[in-house]
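Student: let's see this in three dimensions:
(one chain, ligands or ions: 1)
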Amino acid sequence: SEERLAHAQKLEAIGQLTGGIAHDFNNVLQVISGSLSVIERKLAQNRDADIAPSLEAIKRASNTATNLVARMLAFSRRQTLAPREIEPDRLVAGMEEMLRRTLGPEIRLDLRPLRCRSNVTCDPSQLESALLNLAINARDAMPQGGTLRISTADRNPPADIADSDVPPGDYVEIEVEDNGAGMSREVLDRAFEPYFTTKPVGRGTGLGLSQIYGFVRQSGGLMRIESEPGKGTSVRIYLPGHAPTACLQAGSAPPSAESFD
Ligand code: ADP
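Tutor: Prediction:
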């Protein structure tokens, strides 16, 4: 099933993202400078001219620009993250309510956060938004309903996606799996590409997977997608794992996840 794998080793995606944002950013600047010229002209003719609509256009364009930059930062490796030590099982379990509400009653949520002994150190809110994003993708792929499974395990990435940028060691695998529509080869090949989306305008930005990929790489991790049309999709995130710090300090053997409560 080699041909069903996509593992986004290539970072030309970043180049495409930057290009896309530069283009949109330029459009926004056109709005701002155009509106400023209108204001200038109006005020030159009449000190009491109505400049409110132009100011409104500038305000909106500025907001869009702020947004574009935020997206670009979310993808770039220089994003400021706030890493903390996380118990993966607990993080996943803590998302249950939110996920249920997001997925709705048509989709069965099967959480299997039972198997992880290692902790990971990464930005917890980024990891949560990554998992939420993957859950939304899964939901979108199961319009008739289905099952979304999220499981964690102490498991290293397969050799074919571990490259020299990534230090060897133990990893935690977080898998988000659905039995929805799956992806064709063509879609799978482009899934990580910024702005690539098969969703209708207004529903998809095409930035979800590329942002998740950026975050995972920045956290020293790896990612893989396997998908089969008509069967479903599995997205696996591998983050470097380590023994819980508290138990290193205690000098004891790692306890099970439960005994940490
Ligand atoms: P968006 O969700 O905004 O389209 P993404 O980068 O998250 O952006 O996803 C890109 C594309 O990959 C989606 O438009 C969809 O075609 C495909 N995709 C992502 N996740 C899944 C999934 N779980 N099942 C089927 N297709 C998916």
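Student: quick one: mean pLDDT over the one helix or strand L131 maps to.
Tutor: Using DSSP states H and E, L131 maps to helix 124-140. Here helix 124-140 scores 90 as its mean pLDDT.
Student: ok, then the element right after that helix?
Tutor: strand 146-154.
Student: buried residues in that next one?
Tutor: By neighbour count with 16 or more other CB atoms under 10 Å, strand 146-154 contains the buried residues G146, L148, R149, I150, S151, T152, A153. The C-beta positions use only the backbone N, C-alpha and C, and glycine is treated the same way.
Student: circling back to that earlier point, enumerate the positions of the helix holding L131 that are buried.
Tutor: Using 16+ other CB under 10 Å as the test for burial, helix 124-140 gives 124, 126-131, 133-135, 137-139.
Student: what of stretch 223-238?
Tutor: Neighbour-count burial for stretch 223-238, counted by 16+ other CB under 10 Å, picks out 223-228, 232-238.
Student: gap between that stretch and the chain center?
Tutor: What separates the centre of stretch 223-238 from the centre of its chain is 15 Å, taken as CA atoms, centre = their mean, to the nearest Å.
Student: equivalent analysis for stretch 21-28, please.
Tutor: The answer for stretch 21-28 is 22 Å, by CA atoms, centre = their mean.
Student: can you list the buried residues in it?
Tutor: Of the residues in stretch 21-28, I21, D24, F25, V28 count as buried by neighbour count, 16+ other CB under 10 Å.
Student: dump it to CSV, keeping only the CA atoms.
Tutor: Provided in CSV are the C-alpha atoms of stretch 21-28 (Å, rounded to 0.1, in the frame of the first residue of the first chain):
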residue,chain,number,x,y,z
ILE,A,21,-0.3,34.6,1.2
ALA,A,22,1.9,37.2,-0.6
HIS,A,23,-0.8,37.3,-3.3
ASP,A,24,-3.7,37.7,-0.9
PHE,A,25,-1.7,40.2,1.2
ASN,A,26,-1.1,42.3,-1.9
ASN,A,27,-4.8,42.4,-2.7
VAL,A,28,-5.4,43.6,0.8
